[in-house]
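*Asks:* Here is a sequence with its predicted model. Questions after.
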Amino acid sequence: MSTIDDLSRLPPPAPPPLSPLLEAELAELPPVATRRPMRQLVLLVAISLIYGAGVLAMLTMRRDLHELPMGWLVGAGLAWLLGFVAPVYLATVPRAGAVLPRWQLAGVSAIAGALGFIGLGLLLHPSGPSSAHLDWAGFGRGHGCLEFGLATALVPVVGGAIFLRGALPVGSRRIAAALGAGGGSLGGLMLHLHCPITDGLHVGLMHGGVVAIAALLAAALVPRATDLR
Amino acid sequence: MAEAKDLMTRYCDGDAGAFRELYTLVAPRLLGYLLKMARERALADDLLQQTFLKVHRARTAYVRGADPLPWIYSIAHRTFIDETRKHKRAVVRVGEAEELPEVPAGLTGESDDRRDDGRGDPELMAAALDALAGLPVQQREAVVLTKLDGKTVAEAAEIAGTTVGAMKVRAHRGYEALRKSLGKPGEASPRAASKAAGGAP
């Protein structure tokens, strides 16, 4: 369309001079420390893991720990750990040469984490002689796991929000969801090592549900802090 | 002239001159984008100043060594969206031909008598701008970024905070709507219809 092509060839307009407000800001311009994403990520992961370990120490380890298949215990533990680190990485560290984090992938990781852990919990939940079962009848009594999981998710979410405060002109909701999903996965890791309830409904909907609910809550609340206004 | 990322780094180190150089480098392109989105020179100027004020206040969020342009464009995008939401004027509609602003003059910063210099028919370009202003904001932005500002679809998606697929769809629909509007005089803006009929706007 030649008219549109003509428009694209127009020279850029001359901008106005800087506003008095900006001139005043520039009159006293101190050097600032800029964001260092990898350092923030390492700090966030370290603080969150220490906090998660503290919560676990307070709650004690699960009583059926030695009765469960070691492969599942380690594999699921690593999956929870990956579910924590991967979304937090995508939410805080941009690709090389970019300022903004990878919010599209972060959003995908939040959804994948939430659905994945709910699905895995429903399908894979080995038990031992001293494991407990609630099933549908006692499903509601397992809400403590949801609460402890969300409490564990609080630190990575708040930490991430502090590191990214006022920094995101776009994609803040997806980044918040990823921080929430990451925090929820840390909560899931803590529950994986603490909770002896092994029925699929509890593991899937309560432990896996922590990831989904933390992601939704973070997506609703965190952009208030991280949006660039 | 120095690269934007070098200027941004020096500016974050407290060099006010680097900010002025960055403004000189980036502001014309950014103003062009904002002007095509807002369609009013005064509003576009205001949005430009707001954008740079936000860049200034958020400079601690900059990552050293990164290209600041997509980030600055995203801030401009967000500033425009916030402003249109605030004033509920996502689409600037024009009614009578007499009400039309002198957009080409505002757009290029040149006077009417200097514009008819082989860069295209000013009346048709004004009609194209009218048609552009009539598009929904998302389609307008997609057309402006990908067709007028020369960004790739991926860059435009990054700036607008959407997916590549969604940006492709928006750009395609916007372009088709523009083509339809400009291609059929009966459906075009009053200025285009007037031009097609050989009359004065």
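*Replies:* Structure's in. What do you need? Residues are numbered from 1 along each chain as shown, chains lettered A, B, ... in the order given.
*Asks:* For residue A:227, grab phi and psi.
*Replies:* Here is the backbone geometry of residue A:227 (degrees, to the nearest 10): phi -60, psi 140.
*Asks:* The residue positioned nearest the centre of chain A and residue B:145, how far apart?
*Replies:* Centroid-nearest residue in chain A: residue A:179, 2.3 Å away (criterion: CA atoms, centre = their mean). For residue A:179, the distance to residue B:145 equals 28 Å [CB to CB, to the nearest Å]. Using the backbone N, CA and C atoms, a C-beta is placed for each residue, glycine as well.
*Asks:* who's in contact with the residue nearest to the centre of chain A?
*Replies:* Residues counted as contacts of residue A:179 (CB atoms under 8 Å, 6 or more residues apart in numbering or on different chains) are A:87, A:88, A:91, A:156, A:157, A:160, A:161, A:218, A:222.
*Asks:* swap in residue B:64?
*Replies:* Taking CB under 8 Å, 6+ apart, we find residue B:64 in contact with A:34, B:9, B:12.
*Asks:* Which helix or strand in the chain has the lowest average pLDDT?
*Replies:* Looking at chain A here, since you left the chain open. In chain A, the helix or strand scored least confidently by mean pLDDT, DSSP states H and E is helix A:2-8, which has a mean of 74.
*Asks:* try again with chain B
*Replies:* Min over SSEs of chain B, mean pLDDT, DSSP H and E: helix B:103-108 (a mean of 43).
*Asks:* so what secondary structure elements neighbour the helix or strand following it?
*Replies:* As assigned by DSSP states H and E, the chain's next helix or strand after helix B:103-108 is helix B:122-133. In terms of contacts (3 or more CB pairs under 8 Å, 6 or more residues apart in numbering or on different chains; DSSP states H and E), helix B:122-133 is packed against helix A:2-8, helix B:103-108, helix B:137-143, helix B:164-183, helix B:190-196.
*Asks:* I'd like to know which of the ones you listed lies nearest to residue A:134.
*Replies:* helix B:164-183 (42.3 Å; CB to CB).
*Asks:* what angle separates that closest one from helix B:122-133?
*Replies:* If you take axes from the mean of the first three to the mean of the last three CA atoms, to 10 degrees, helix B:164-183 sits at 140 degrees to helix B:122-133.
*Asks:* Number of residues surrounding residue A:137?
*Replies:* Residue A:137 has 8 neighbours, counted by other CB atoms under 10 Å in any protein chain shown.
*Asks:* so how far is chain B from it?
*Replies:* Residue A:137 sits at a distance of 43 Å from chain B (criterion: CB to the nearest CB, to the nearest Å).
*Asks:* re the thing from before, rebuild the helices and strands packed on helix B:122-133 as a markdown table, extending it with mean neighbour count.
*Replies:* Shown next, in a markdown table, are the helices and strands packed on helix B:122-133 (neighbours: other CB atoms under 10 Å in any protein chain shown):
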| stretch | mean neighbour count |
| --- | --- |
| helix A:2-8 | 17 |
| helix B:103-108 | 21 |
| helix B:137-143 | 23 |
| helix B:164-183 | 17 |
| helix B:190-196 | 19 |
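*Asks:* could those go into CSV alongside distance to residue A:65?
*Replies:* Shown next, in CSV, are the helices and strands packed on helix B:122-133 (distance: least, CB to CB, whole Å):
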stretch, distance to residue A:65
helix A:2-8, 65
helix B:103-108, 70
helix B:137-143, 53
helix B:164-183, 46
helix B:190-196, 75
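*Asks:* between those helices, which gets nearest to residue A:125?
*Replies:* helix B:164-183 (36.6 Å).
*Asks:* which residues are in contact with that closest one?
*Replies:* Against helix B:164-183 from outside (CB under 8 Å, 6+ apart): A:1, A:3-4, B:124, B:127-128, B:131-132, B:134-136, B:138-143, B:145-147, B:153-154, B:156-157, B:160, B:162, B:187-189, B:192.
*Asks:* Got a quick PyMOL command for the buried subset of these?
*Replies:* Remark: buried members of the contacts of helix B:164-183, expressed as a PyMOL selection using 16 or more other CB atoms under 10 Å in any protein chain shown:
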select buried, (chain A and resi 3+4) or (chain B and resi 124+127+128+131+132+134+135+138+139+140+141+142+143+145+146+147+153+156+157+160+162+188+189+192)
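*Asks:* Flag the shaky bits of chain A, pLDDT-wise.
*Replies:* Along chain A, segments meeting pLDDT under 70 span A:1-2.
*Asks:* Mind doing that once more with 90?
*Replies:* Across chain A, the ranges flagged by pLDDT under 90 are A:1-14, A:28, A:60, A:65, A:125, A:127-128, A:130-142, A:166, A:228-229.
*Asks:* Could you do chain B as well?
*Replies:* Short version for chain B, where the test is pLDDT under 90: B:1-2, B:36, B:38-40, B:83-135, B:137, B:147-150, B:158, B:161, B:175-201.
*Asks:* So which of the contacts of residue A:179 wins on neighbours?
*Replies:* Neighbour-wise, the contacts of residue A:179 (other CB under 10 Å) top out at residue A:91, 37 neighbours.
*Asks:* Tell me who's in contact with the nearest residue in space to it that is not next to it in sequence.
*Replies:* Leaving aside its chain neighbours, residue A:91 sits nearest to residue A:178 (4.0 Å; criterion: CB to CB, 6 or more residues apart in numbering or on different chains). With CB under 8 Å, 6+ apart as the criterion, the residues that contact residue A:178 are A:87, A:88, A:90, A:91, A:103, A:106, A:107, A:109, A:110, A:215.
*Asks:* Does the last one touch residue A:187 like I think?
*Replies:* No - at 11.4 Å, residue A:215 does not count as touching residue A:187 under the criterion of CB atoms under 8 Å.
*Asks:* returning to what we had before: may I see the contacts of residue A:179 organised as a markdown table, with secondary structure added?
*Replies:* Shown next, in a markdown table, are these (DSSP: H, G, I helix; E, B strand; the rest coil):
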| residue | secondary structure |
| --- | --- |
| A:87 | helix |
| A:88 | helix |
| A:91 | helix |
| A:156 | helix |
| A:157 | helix |
| A:160 | helix |
| A:161 | helix |
| A:218 | helix |
| A:222 | coil |
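*Asks:* Can you tell me which of the helices and strands packed on helix B:122-133 is nearest to residue B:58?
*Replies:* The nearest among those, by CB to CB, is helix B:137-143 at 21.1 Å.
*Asks:* tell me how far stretch A:51-61 is from the chain's mean position?
*Replies:* 19 Å (CA atoms, centre = their mean, to the nearest Å).
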